[in-house]
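Q: below are the sequence and a predicted model for it; my questions follow.
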Amino acid sequence: MAAPDGTVLQDSSLLKDENVVWHPHAVTRADREKQHGHRGAVLWFTGLSGSGKSTVAGALEQALHAQGISTYLLDGDNVRHGLCRDLGFTDDDRRENIRRVGEVAKLMVDAGQVVLTAFISPHRAERDMVRDLLEEGQFIEVFVDTPLAICEARDPKGLYKKARAGELKNFTGIDSEYQPPETPDVHLDGEQLVTYLVPQLLDVMRQRAIINP
Ligand SMILES: Nc1ncnc2c1ncn2[C@@H]1O[C@H](COP(=O)(O)OS(=O)(=O)O)[C@@H](OP(=O)(O)O)[C@H]1O
Ligand SMILES: Nc1ncnc2c1ncn2[C@@H]1O[C@H](COP(=O)(O)OP(=O)(O)O)[C@@H](O)[C@H]1O
């Protein structure tokens, strides 16, 4: 279902109060995109803890920012300090985490931003839920594919060590499932140098006309 301004709306039967009515605004996303000189979109990075999501997304953001692109990086660790500070790592909490982040990303895309997200987002269903929140072409799933053994060897926060010692429960890849994307829009080899990965992402963004050639 779409609002008059093209915004993808969720099934109104999901609303808690049916008297809430969508209000279209005079300034549209297209107007904002024209002002920015690029389209709004989400690059949704997914991968194991330590796979390189934050590092690659951060390097891409720097490259985009240097080109005058209006960006924002939503990072799992940071978002869990505020918007999602009431959530843990059960399947239900992870689902709610991704739902909230998906809705925030959608608002930012409506604001004409290029949004980069770095969440493990271990379940296909939740990643697809976010894809469905957005319009065709606005959601780019980026799989940072780094083997568990490499992530565990990197272990920058010592979390794998804790999980292996049984001090941390529900840790992704250890005692909580990670479902790799079957057909990601971009499949990155997380063992490659970041300086090789960023140009691959910029190419995809140009091919999809998010940013200018
Ligand atoms: N149990 C468990 N499992 C996985 N990760 C854990 C856990 N506990 C804490 N952490 C830290 O939280 C970061 C992942 O948060 P996310 O919001 O990205 O997770 S999720 O998408 O809701 O699954 C993750 O950050 P990254 O390492 O950057 O991925 C960890 O630092
Ligand atoms: N492509 C890469 N090659 C080598 N090391 C990397 C690469 N990407 C990230 N790292 C390192 O791996 C660790 C985890 O990266 P990080 O971006 O925090 O992962 P994530 O956000 O997926 O948890 C960091 O120490 C980082 O410097």
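A: Cool, the structure landed. Numbers count the residues shown, from 1 in each chain. Ligands and ions are numbered 1, 2, ... in the order given.
Q: when you work out contacts or count neighbours from here on, use the C-alpha atoms and nothing else.
A: OK.
Q: looking at the protein, which helix or strand is least sure?
A: With mean pLDDT, DSSP states H and E as the measure, the helix or strand of the chain carrying the lowest mean pLDDT is helix 76-79 (a mean of 93).
Q: can you read off the pLDDT for the residue nearest to residue 171 when sequence neighbours are not counted?
A: The shortest distance from residue 171 to any non-neighbouring residue, by Cα to Cα, 6 or more residues apart in numbering, is to residue 163 (6.2 Å). On pLDDT, residue 163 comes in at 98.
Q: if I look at the residue of the chain positioned farthest from its centre, how far off is ligand 2?
A: In the chain, the residue that sits farthest from the middle, by Cα atoms, centre = their mean, is residue 19; the gap is 31.2 Å. Going from residue 19 to ligand 2 by Cα to the nearest ligand atom, to the nearest Å gives 41 Å.
Q: in terms of helices and strands, where is that residue?
A: Using DSSP states H and E, residue 19 is not contained in any helix or strand.
Q: follow-up on the earlier one: hmm, who's touching the next helix or strand after the least confident helix or strand of the chain?
A: Going down the chain from helix 76-79, the next helix or strand is helix 91-110, by DSSP H and E. Defining contact as Cα atoms under 8 Å, 6 or more residues apart in numbering, one finds that helix 91-110 is touched by 29, 40-42, 74, 84, 87-88, 114-115, 119, 121, 126-127, 129-130, 133-134, 138.
Q: what about 7 Å?
A: Defining contact as Cα atoms under 7 Å, 6 or more residues apart in numbering, one finds that helix 91-110 is touched by 29, 40-42, 84, 87, 115, 121, 126, 130, 134.
Q: which of those sits closest to residue 173?
A: Looking at those and their distance to residue 173, the nearest is residue 121, at 12.1 Å (Cα to Cα).
Q: thinking again about what came up before, how many neighbours does the residue nearest to residue 171 have?
A: Number of residues near residue 163 (other Cα atoms under 10 Å) recorded here: 17.
Q: can you tell me if the helix or strand that contains it touches ligand 2.
A: Using DSSP H and E, residue 163 sits in helix 159-164. No. Residues of helix 159-164 contacting ligand 2 under Cα under 6 Å from any ligand atom: none, with a closest distance of 10.2 Å.
Q: give the other helices and strands that that helix contacts.
A: Of the remaining helices and strands, none touches helix 159-164 by 3 or more Cα pairs under 7 Å, 6 or more residues apart in numbering; DSSP states H and E.
Q: among the contacts of helix 91-110, which two are most distant?
A: Distance extremes for those: the farthest pair is 29 and 87 at 31.1 Å, using Cα to Cα.
Q: more neighbours: the two, which one.
A: Neighbour totals were compared for residue 29 and residue 87, and residue 29 leads with 21 against 15 (other Cα under 10 Å).
Q: contacting residues for the more buried one?
A: 110-112 are the contacts of residue 29 under Cα under 7 Å, 6+ apart.
Q: neighbour-wise, which of the residues you listed leads?
A: In terms of neighbours by other Cα under 10 Å, the contacts of residue 29 top out with residue 112 at 25 neighbours.
Q: nearest residue to residue 127 other than its sequence neighbours?
A: Going by Cα to Cα, 6+ apart, residue 127 has residue 121 as its nearest residue, at 6.7 Å.
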